[in-house]
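Q: Whatever this is, show me its structure:
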Amino acid sequence: MQAIRSFFIPNWSSDVRLDGKTAVITGANTGIGKETAKDLAARGARVILACRDMAKAEQAAKEIMREVPCPKVVVRHLDLSDTKSICQFAESIYNSEKALHYLINNAGVAMCPYSTTVDGFEMQFGVNHLGHFFLTFLLLDLLKYSAPSRVINLSSIAHTMGRIRFDDLAGEKNYNPVGAYAQSKLANVLFTRELAKRTEALGVTVYSVDPGVVNTEIARHISKPLSTVIGMVASMIKTSAEGAYTTIYCVVTPESQLHNGGHYKDCAYNKSCRAGQDDATALKLWAASCHLLSIRWR
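A: A predicted model of the protein is given here:
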């Protein structure tokens, strides 16, 4: 088992400090997000846990503050399935923060039964892609003001199975939980690619991350037998802390050593699947996302 783990866990570490830096991490009350928050706080960053469940977020913040010397951890409510909540969160950030150096779009739902967000979007596409797309749109001015800054979008190996179904983004015609999840994760990669082109000259760089197979709460909607198997396999491969390595890598590695708009896995550049490199699809998805959210983002 140890030999298997050694093969999948990158041998990487960094002592880079982040004093004076501010990071927003969505879904930071558990799993990869929480471990990312703990690491950045330990490096001296001010870390904002952007979470839907405030009780769990407060508990996570307390645990981080117990484990990390002199942490700067703040909790803010954010429900990515509700554009009104996203607007309120963004407003709170502008009112309380002088700068934002890292936006880590980490939260997500996976393979859930068909449901819709408050605004009527299919839940996985709505939360995993549209919610983070809208959040980034709203916080971009602060990211530009704080440049050099970075946006990091958590994707998944599932993006390799994805296809953007422009004729059925709502999943109303033929909903499949796995297909919908894969579509949302491919959307994360395509959003990264297009956003990077638009913001590089502004000092904002963007990266997508495949954290690997990690046993986190995102698997809560998977059927119990399959979830048990995934849990057993994941326990042999990566802990949540190990799953956070590549996100942290994309935060602390010098910009000159990273590929803007690139996809990262196991603390290294890793080309996405061919669909994730399709610029025409990325541009079409950008336009469709703006239309669905009723925003103008040039």
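
Q: Leaving out sequence neighbours, find the closest residue to residue 99.
A: Among residues not flanking residue 99 along the chain, residue 146 sits closest, at 4.0 Å (Cβ to Cβ, 6 or more residues apart in numbering). The way it works is simple: take the backbone N, C-alpha and C, and place the C-beta from them, glycine included.

Q: Is that neighbour in contact with residue 101, as I believe?
A: Yes: using Cβ atoms under 8 Å, residue 146 is in contact with residue 101, at 5.2 Å.

Q: Could you pull out the residues contacting both of those two?
A: Shared contacts of residue 146 and residue 101 (Cβ atoms under 8 Å, 6 or more residues apart in numbering): residue 22.

Q: pLDDT weak spots in the stretch 101-250 of the chain?
A: 215-236 (pLDDT under 70).

Q: the helices in it, which residues?
A: 123-124, 132-145, 177-199, 224-237, 240-243, 245-252 (DSSP state H, counting those that start in this stretch).

Q: May I see those organised as JSON lines, with distance to residue 70 and mean neighbour count added?
A: Below are these laid out as JSON lines (distance: least, Cβ to Cβ, whole Å; neighbours: other Cβ atoms under 10 Å):
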{"stretch": "helix 123-124", "distance to residue 70": "38", "mean neighbour count": "26"}
{"stretch": "helix 132-145", "distance to residue 70": "25", "mean neighbour count": "20"}
{"stretch": "helix 177-199", "distance to residue 70": "32", "mean neighbour count": "23"}
{"stretch": "helix 224-237", "distance to residue 70": "33", "mean neighbour count": "13"}
{"stretch": "helix 240-243", "distance to residue 70": "20", "mean neighbour count": "20"}
{"stretch": "helix 245-252", "distance to residue 70": "19", "mean neighbour count": "23"}
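
Q: could I get the ones you listed as TSV with distance to residue 171?
A: Conversion of the helices of the stretch 101-250 of the chain to TSV gives the following (distance: least, Cβ to Cβ, whole Å):
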stretch	distance to residue 171
helix 123-124	8
helix 132-145	17
helix 177-199	5
helix 224-237	20
helix 240-243	27
helix 245-252	28
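
Q: Nearest to residue 90 among those would be which one?
A: helix 132-145 (3.8 Å; Cβ to Cβ).

Q: Identify all contacting residues around that closest one.
A: 24, 26, 78, 80, 83, 86-87, 89-90, 93-94, 97, 99-101, 103, 105, 107, 149, 151, 153, 188, 191, 195, 199, 202-204, 289, 293, 295, 297.

Q: list the buried ones in stretch 97-105?
A: The neighbour-count check on stretch 97-105 (16 or more other Cβ atoms under 10 Å) flags 97, 100, 101, 102, 103, 104, 105 as buried.

Q: give me the number of residues near residue 213?
A: Using other Cβ atoms under 10 Å, the number of residues around residue 213 comes to 16.

Q: wait, it sits on residue 237?
A: Yes: using Cβ under 8 Å, residue 213 is in contact with residue 237, at 5.0 Å.

Q: quick one, what contacts the residue nearest to residue 99?
A: 22, 99, 100, 101.

Q: could those be laid out in TSV, adding distance to residue 258 and secondary structure?
A: Listed next are those as TSV, based on distance: Cβ to Cβ, whole Å; DSSP: H, G, I helix; E, B strand; the rest coil:
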residue	distance to residue 258	secondary structure
22	20	strand
99	21	coil
100	19	coil
101	15	coil
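
Q: Residue 176: which of the residues you listed is nearest?
A: Checking these one by one against residue 176 (Cβ to Cβ), the nearest turns out to be residue 100, at 36.3 Å.

Q: Need the phi and psi values for the closest one.
A: phi -140, psi 110 (degrees, to the nearest 10).

Q: which residues touch residue 202?
A: 144, 147.

Q: that older thread, show me the buried residues of stretch 97-105 that map onto strands.
A: 102, 103, 104, 105 (DSSP state E).

Q: Excluding chain neighbours, what is closest to the last one?
A: Spelled out, it's residue 105. Closest residue to residue 105 apart from its sequence neighbours, by Cβ to Cβ, 6+ apart: residue 132 at 3.9 Å.

Q: next one: residue 69
A: Nearest non-adjacent residue to residue 69, counting by Cβ to Cβ, 6+ apart: residue 42, 7.6 Å away.

Q: so the one you found touches residue 68, yeah?
A: Yes: assessed by Cβ under 8 Å, residue 42 is found in contact with residue 68 at 4.7 Å.

Q: From residue 196, how far out is residue 157?
A: Taking Cβ to Cβ, to the nearest Å as the measure, residue 157 falls 21 Å from residue 196.

Q: for residue 261, that is, sorry about that
A: Using Cβ to Cβ, one gets 3 Å for the distance from residue 261 to residue 196.

Q: That'll do, ta.
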